[in-house]
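> just need the structure, nothing else, for what follows:
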Amino acid sequence: MADTPDLTRDHVDLEDTQVTRRYFATFQAIIGHLGRVAAQFEAEGSLTRTEVEVLGRHLIGLGLTFRALANKYHMAGRIDGPLPGKLTFDHTESGFPVHAELMQMASDAAQAGKHLKNMPGPDELKAQMVREIVGNLTIPTRLQFAMSQRLYYEELVRGDLFWPQMHPDAVWLGNLAEGREPRRRYLLHWAVYDSLQNIPTIYLMDVEDTGRTALPKDQERWPEVQAHLSAQAVAGLKLVTIATGFDRDFDDLHPKRLRRFHVGPMYSHSYTRQTGPLREVLEDAKAPPGQDWALAWTVEDLVSERVETEKAGWFSSVEREIFALDPFGGRGADLGATRMERAIILPQRPFQVLAERNPPGFGDVRKFVVSDGGRVLSYR
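Numbering: from 1, shown residues only. Here you go, the predicted structure:
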């Protein structure tokens, strides 16, 4: 029997308080730039306004998740004992916190109200800090920890975070007048924090609905669709496998396009130990804190090429989608998609080193460069 791989071998705890805070500050800045990248795709016409809004909601949720975790671990390394714990992240593959961190956060969210009920309020905690500083001339470390935990639970109660699994939702796009009855068009979207890759993954599916009842209002189909898509949100599954299975399982739902957005990995000379050209680029760039990073952004895209009709019983037939696979270099079957687009987002100094070194394999990778002022410039 083959040995089970140890998925924790690449996991590392952040021990130092300042290092932990810089890690979260870096991620907050990176996530803030992703909205501008999505807006660039919209300006070029590769994403619609609706698609950008959907992606934006998931990215905002991701930012709120990092803000919550930043509060949770704000005092990491300052208090002896098991609390407040240390952030565990994947330093050789993704650069993101490990999946278990978000699972624990989801568990904490279920009990956040109870924690807040038993905690002193912010004003009371601040007053206690002042009394300890003035009266005892000591740093109120444990009170600061209590405040950080209160802020953490408050974020969880407010909600709208990026959870380990974001259940499918539907956005109505309009009707297509074909045949006797119009077809309803929906953009289905869902997301997961992939447990193997430790990166956020977002799915968008364009669907035509020929059912009698509008899909989101259909008490039979909609729960089945949500369960089906959630179960298929696995990075190891090819898009053509996901779309074909969906097409076969739901005769009156027709998937016309399926996209998968991989937000990551994140590379940093300060935090991660990935191998390859980007590691060397960041090492040579010697960028200051906050600019020592690069984030991969990959989009897999599967498009329906045509429709074929097949019999379903004696007197009826159903439509089946035939998906276009990448025709170049025989990669279609291996890729399981029509195309894949790779991009990387990075600050100016690492980009300059990347352009100078021009390592193999980056010729077809699009570069989004973040200026010192926060503008995002695009280079092919």
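> roughly how far is stretch 129-137 from the heart of the chain?
Remark: stretch 129-137 is offset 43 Å from the chain centroid, using C-alpha atoms, centre = their mean, to the nearest Å.
> of all the residues in it, which ones are buried?
M129, E132 (16 or more other C-beta atoms under 10 Å). The C-beta positions use only the backbone N, C-alpha and C, and glycine is treated the same way.
> average pLDDT across it?
On average, the pLDDT along stretch 129-137 is 84.
> what does stretch 265-279 give?
Stretch 265-279 comes out with an average pLDDT of 82.
> now do the end-to-end distance for that stretch.
12 Å (C-alpha to C-alpha, to the nearest Å).
> buried residues in it?
Quick answer for stretch 265-279 (16+ other C-beta under 10 Å): P265, M266, Y267, S268, H269, Y271, T272, Q274, L278, R279.
> in helices, which of those residues fall?
Among the buried residues of stretch 265-279, DSSP state H puts L278, R279 in helices.
> Serialize the buried residues of stretch 265-279 to a markdown table and add fields for distance to F96.
Output for the buried residues of stretch 265-279, formatted as a markdown table (distance: C-beta to C-beta, whole Å):
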| residue | distance to F96 |
| --- | --- |
| P265 | 7 |
| M266 | 6 |
| Y267 | 11 |
| S268 | 11 |
| H269 | 16 |
| Y271 | 10 |
| T272 | 10 |
| Q274 | 12 |
| L278 | 15 |
| R279 | 17 |
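> let me know the closest of the buried residues of stretch 265-279 to R380.
For these, the residue nearest R380 by C-beta to C-beta is L278; the value is 18.0 Å.
> and the closest one, how far is that from S268?
Counting by C-beta to C-beta, to the nearest Å, the separation of L278 from S268 is 10 Å.
> need the overlap of contacts for the two.
Overlap between the contact sets of L278 and S268, as judged by C-beta atoms under 8 Å, 6 or more residues apart in numbering, is given by A294.
> hmm, back to that, and of the buried residues of stretch 265-279, the nearest to D326?
Nearest to D326 among the buried residues of stretch 265-279: P265, at 22.8 Å, using C-beta to C-beta.
> from the centroid of the protein, which residue is nearest?
The centroid of the chain falls nearest to P200 when counting by C-alpha atoms, centre = their mean (2.5 Å).
> state the phi and psi torsions of that residue.
phi -70, psi 140 (degrees, to the nearest 10).
> again, but for Q18
The phi/psi pair for Q18 (degrees, to the nearest 10) reads phi -70, psi -40.
> same check, this time on A100
Taking degrees, to the nearest 10 as the convention, A100 sits at phi -60, psi -30.
> same question for K367.
According to degrees, to the nearest 10, K367 has phi -110, psi 130.
> compute the number of surrounding residues for it.
18 (other C-beta atoms under 10 Å).
> for the stretch 251-380 of the chain, which spans come out with low pLDDT?
312-315, 327-333 (pLDDT under 70).
> try 50 this time
Applying pLDDT under 50 to the stretch 251-380 of the chain flags the ranges 329-330, 332.
> quick one, helices of it?
For the stretch 251-380 of the chain, the helices defined by DSSP state H, counting those that start in this stretch cover 277-285, 332-335, 348-357.
> I'd like the ones you listed as JSON lines, with distance to T298 appended.
Converted to JSON lines, those look like this (distance: least, C-beta to C-beta, whole Å):
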{"stretch": "helix 277-285", "distance to T298": "14"}
{"stretch": "helix 332-335", "distance to T298": "12"}
{"stretch": "helix 348-357", "distance to T298": "17"}
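> which helix or which strand is home to the residue sitting furthest away from the middle of the chain?
Within the chain, the residue lying farthest from the chain centre (C-alpha atoms, centre = their mean) is G135, at 46.6 Å. Assessed by DSSP states H and E, G135 sits inside helix 122-136.
> how about the contacts made by S195?
H99, P164.
> P200 now?
So P200 contacts H58, L62, F96, F162, A191, V192, Y193, D194, V263, G264 (C-beta under 8 Å, 6+ apart).
> which of these has the weakest pLDDT?
Out of the contacts of P200, that is G264, at 86.
> how near is that residue to W293?
11 Å.
> more neighbours: those two, which one.
A count of neighbours by other C-beta under 10 Å puts W293 above the other of G264 and W293, at 26 against 21.
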